[in-house]
Structure formats: structure tokens, C-alpha cells
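1. Output the structure for:
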Amino acid sequence: MQKRQVYIVITGRVQGVGFRYFAQYKAEELNITGWVKNTYDGKVEIEAVGESKNLATFIDWIKMGPARAIIHTFTVADITTERNFTQFIIR
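-> This is a model prediction of the structure:
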């Protein structure tokens with residue numbers, strides 16, 4: 001299977017709603033590695049690496065977010081630099 005790497009930025013009500021823990025749970029469930037973090041300006045950033053099919057499923061889950069999240073914008077960009085993460089962590 002081919003691996004894919006993406007950088008995701010989510011805006012809206014995405015901090016204080018368990019978004020990072022939601023992302024980590026889904027990533028671990030789908031064997032995705034990388035990281036998730038809150039930014040100083042209220043966004044959530046994710047860098048994720050995984051098999052294309054699993055990553056597509058992960059992105060679909062992240063687009064919905066946890067129950068209390070309200071997503072205003074969602075952007076996904078492919079990354080060409082190869083990353084070698086061993087797990088998915090909250091930064």
C-alpha cells in the first residue's frame with residue numbers, strides 16, 4: 001500500500017472540545033502516525049502519515065470532529081517531505 005502524508009488546519013470552535021484527543025483516538029484506530037496541536041490563534045493543526053485508504057478515512061472523521069466542535073474551515077495539503085513518525089501524539 002502507498003503511504004500518504006498530509007497537513008491539516010481546522011478553524012472554528014475546535015479548542016476546548018476534545019478535538020486533539022478525538023484525532024489521536026481515530027489516528028491510533030487507523031494506524032496513522034503524526035501529531036495534532038492547538039495553535040495560539042484558536043486553530044487545530046494536524047500532520048498525519050498513513051496508508052492512503054486509512055488516511056482518507058481519518059480525514060473524513062476529522063472533517064466531522066467531536067460532537068461539540070463547530071468547524072468553519074478545513075484544509076488539507078499533501079506533504080512531499082518524508083516523515084518517519086512512530087506514533088500519533090498530542091503536542
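2. can we go C-alpha only for contacts and neighbour counts from here?
-> Will do.
3. Direction included, what does the longest strand anywhere in the chain pair up with?
-> If you go by DSSP state E, the chain has its longest strand at strand 3-13. Using DSSP bridges, strand 3-13 pairs in its sheet with strand 44-51 (antiparallel), strand 70-78 (antiparallel).
4. what about Gln24, neighbour count?
-> If you count neighbours by other CA atoms under 10 Å, Gln24 ends up with 21.
5. SS state for it?
-> helix (DSSP: H, G, I helix; E, B strand; the rest coil).
6. circling back to that earlier point, could I get the buried residue list for the longest strand of the chain?
-> For strand 3-13, the buried set under the neighbour-count rule, 16 or more other CA atoms under 10 Å, comprises Arg4, Gln5, Val6, Tyr7, Ile8, Val9, Ile10, Thr11, Arg13.
7. ok, those residues vs Thr86, which is closest?
-> Taking CA to CA as the measure, Thr86 lies nearest Gln5 of these, at 13.7 Å.
8. and the closest one, how far is that from Thr80?
-> For Gln5, the distance to Thr80 (CA to CA, to the nearest Å) stands at 7 Å.
9. still on that earlier bit, select, from the buried residues of strand 3-13, the two members most distant in space.
-> Farthest apart among these by CA to CA are Arg4 and Arg13. That separation is 27.4 Å.
10. Please compute how far stretch 59-71 lies from its chain's middle.
-> The chain centroid and the centroid of stretch 59-71 are separated by 10 Å, computed with CA atoms, centre = their mean, to the nearest Å.
11. ok, back up a step: tell me the most buried of the strands paired with strand 3-13?
-> Ranked by mean neighbour count under mean count of other CA atoms under 10 Å, the strands paired with strand 3-13 are led by strand 44-51, which reaches a mean of 22.
12. what does it contact?
-> 1-11, 14-15, 19-20, 31-39, 55, 83, 85, 88 (CA atoms under 8 Å, 6 or more residues apart in numbering).
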